[in-house]
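*Asks:* Task: produce atomic coordinates for the following.
(2 chains, ligands or ions: 2)
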Amino acid sequence: MDRFGPLTPLIGVVALLLIWQLAYWVEVVDRVLLPSPGSMFVAVWHGMTGGQLLLDFFRTIERTSLSILYAGIIGIPLGIALGSSVPVYRSVEFVVDFFRSTPASAVFPLFLAISGPGDATKIQVATFGASLVILFNVAYGVMNARKTRLQAAQVMGASKLRVLTDVMLFESLPQTFVGLRNGVSLALIIVIVAEMFIGSVDGLGHNVLDNQMLFEMPRMYAAIFVAGALGYGFNLMFLLIERRYVHWSGR
Amino acid sequence: MAEDAPASLHATGASSPAAAGEPHITIRGLSKAFGEAVIYDGFDLDIPRGRFVSVFGPNGCGKSTLINLVAGLLEPDAGTIRFGGKRLRDTNFGYVFQNYREALFPWMRSIDNIRYPLKFRNIPRAERDTRVERLVDRLGVTLDLAKYPYQLSGGQQQLVSIMRSLVIEPEVLFLDEPFSALDYEMTLFMRDQLQALFMDTRTTMVFVSHDLEEAVYLADDVMLLSRGPAEIADYVTVGIPRPRTAATISESAFVRVKAHCLDVFQKTVREA
Ligand SMILES: Nc1ncnc2c1ncn2[C@@H]1O[C@H](COP(=O)(O)OP(=O)(O)O)[C@@H](O)[C@H]1O
Ligand SMILES: [Mg+2]
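*Replies:* Ligands and ions are numbered 1, 2, ... in the order given. This is a model prediction of the structure:
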């Protein structure tokens, strides 16, 4: 299926836009609810060149980036600590797994009640959710470190601490990146949901909800599109960093 | 052929194996069990200094367990292990694993893999580099050490792994089936590399193999283990001068030693 060369992934994009345009022409849904793709791209253009959308875009990036940063600072060391002792990990595995499976949006009202409706609350909830995902993956990566590699370091004279920093840390890196990519996706979801709650004044979530209430459909579609592109961009960024710095992954 | 060997061959008394010099590794009353399975029970062994000892025995009899105990990767249930009176932590030793793919560090270039154990020794930075260079020269290594291990062939990776264990200039080298994951051509080449290295350095070698021909080809002494709990079924002195070559394998002395080892091996397997 290499007939279209590097343009192959674009086929799906073009097909989707065509179907959308077709649905608009034959009015499958009311044109107010489903505007044309063209009008969405115009709204993206206007919004991102000095409009409110650009501002909201940056606010969401800021909140998500801070969340993933804090989540990494919390999740990576904790994951290494838990993962390097199997009994310790087993003892907290259920708790971690339970909270990891709890929808973070369900605990948002709790954080709201404790920390109030400010910016900090949004970041706290996203950090909470993402750090559990990261912690889980890092611990898993550390526990599955190749035994021979740890033994090799040990026979060469590495202390327990050096085995941890020189071998376990690197061994867990591929799995850490899986955690970071899943974590940033989750953090973005939580941040956008949080931005839809009462008391929010900016962010892509606020933008989507605001335009929905004003019935500004092209603008709403534009905000959804930008949120999607942002999620894709975050994922791609971590993937590129991983390829660059975890070059041995899967080899 | 023996005349070609370095003077140290005679100095260590290696040419008169019956009177093999002082023991290098002394094992007394070694016991080890995994749950119900008793692998060693009051095991005694002396490994002479400067000799190449091959360990051969049935699968699962405890060959890897033995070198893991001696190299400190496993705790014995009972018994003592001494290195010429010293303890393990005061002994400079190397260990070559069967699975080089999982023993090397893929995040480091080959040269950094080789340099790694020098970090844990009080060796000045400049001296570290000359050590690696000297080793490369001595082995006549031509491969590109700037590559990452996964960019090398299996044989090249195991060569890097062996160099990593040699760079500290160990007094003992443990090798656990180091060539069994390599193709036959590479295995033959690596055997001769190892033999040349041994003749050059006279490092005490403890070499586990599941290939009897290889075990005999390389060894001064072949230790044949029996199973459950492991005991020394026989300790055979090979006594064939070095360097041994492809022609050695068809010589009558070699064939005789190998046949004897096989005979002992088959008896121990039948008894078990
Ligand atoms: N860590 C371990 N836990 C439980 N059993 C083990 C362990 N290591 C080895 N064994 C068992 O001990 C026996 C000897 O193993 P090993 O020394 O690896 O044999 P081999 O002679 O083939 O190298 C085998 O039956 C093996 O299953
Ligand atoms: Mg083994």
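*Asks:* Which SSE is immediately downstream of the longest helix along chain A?
*Replies:* Determined from DSSP state H, the single longest helix within chain A is helix A:52-83. Sequence-wise, the next helix or strand beyond helix A:52-83 is helix A:86-101, with elements assigned using DSSP states H and E.
*Asks:* Any stretches of chain B with poor pLDDT?
*Replies:* By pLDDT under 70, the weakly predicted segments of chain B are B:1-21, B:272.
*Asks:* those strands in it, which residues are they?
*Replies:* Taking DSSP state E to define them, one finds strands in chain B at B:23-34, B:37-48, B:52-56, B:78-83, B:93-96, B:172-176, B:204-208, B:221-225, B:232-237.
*Asks:* Present those as JSON lines; the columns should include distance to chain A and mean neighbour count.
*Replies:* (Each C-beta comes from the backbone N, C-alpha and C, glycine too.) Converted to JSON lines, those look like this (distance: least, CB to the nearest CB, whole Å; neighbours: other CB atoms under 10 Å in any protein chain shown):
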{"stretch": "strand B:23-34", "distance to chain A": "15", "mean neighbour count": "18"}
{"stretch": "strand B:37-48", "distance to chain A": "17", "mean neighbour count": "18"}
{"stretch": "strand B:52-56", "distance to chain A": "17", "mean neighbour count": "25"}
{"stretch": "strand B:78-83", "distance to chain A": "14", "mean neighbour count": "16"}
{"stretch": "strand B:93-96", "distance to chain A": "4", "mean neighbour count": "25"}
{"stretch": "strand B:172-176", "distance to chain A": "8", "mean neighbour count": "24"}
{"stretch": "strand B:204-208", "distance to chain A": "13", "mean neighbour count": "25"}
{"stretch": "strand B:221-225", "distance to chain A": "21", "mean neighbour count": "23"}
{"stretch": "strand B:232-237", "distance to chain A": "25", "mean neighbour count": "17"}
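*Asks:* Save these as TSV, and put in distance to ligand 1 too.
*Replies:* Below are those laid out as TSV (distance: least, CB to the nearest ligand atom, whole Å):
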stretch	distance to ligand 1
strand B:23-34	3
strand B:37-48	5
strand B:52-56	8
strand B:78-83	16
strand B:93-96	14
strand B:172-176	7
strand B:204-208	7
strand B:221-225	7
strand B:232-237	13
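*Asks:* So which of those strands is nearest A:Ser84?
*Replies:* Nearest of the strands of chain B to A:Ser84, taken as CB to CB: strand B:93-96 at 22.3 Å.
*Asks:* Please give me every residue in contact with the residue nearest to A:Gly47 when sequence neighbours are not counted.
*Replies:* Leaving out its chain neighbours, the residue that sits closest to A:Gly47 by CB to CB, 6 or more residues apart in numbering or on different chains is A:Leu53, at 2.7 Å. Neighbouring residues of A:Leu53 by CB atoms under 8 Å, 6 or more residues apart in numbering or on different chains: A:43-44, A:46-47, A:207, A:219, A:222-223, A:226.
*Asks:* Give the buried residues for stretch B:109-117.
*Replies:* Using 16 or more other CB atoms under 10 Å in any protein chain shown as the test for burial, stretch B:109-117 gives B:109-111, B:113-117.
*Asks:* from the residues you listed, which is closest to ligand 1?
*Replies:* Closest approach between the buried residues of stretch B:109-117 and ligand 1, by CB to the nearest ligand atom: B:Pro117, at 23.8 Å.
*Asks:* Quick check: residues of the stretch 51-200 of chain B near chain A?
*Replies:* B:71-73, B:93-95, B:97, B:99, B:102-107, B:116-117, B:120-121, B:148, B:150, B:164, B:168 (CB under 8 Å from any CB of the partner chain).
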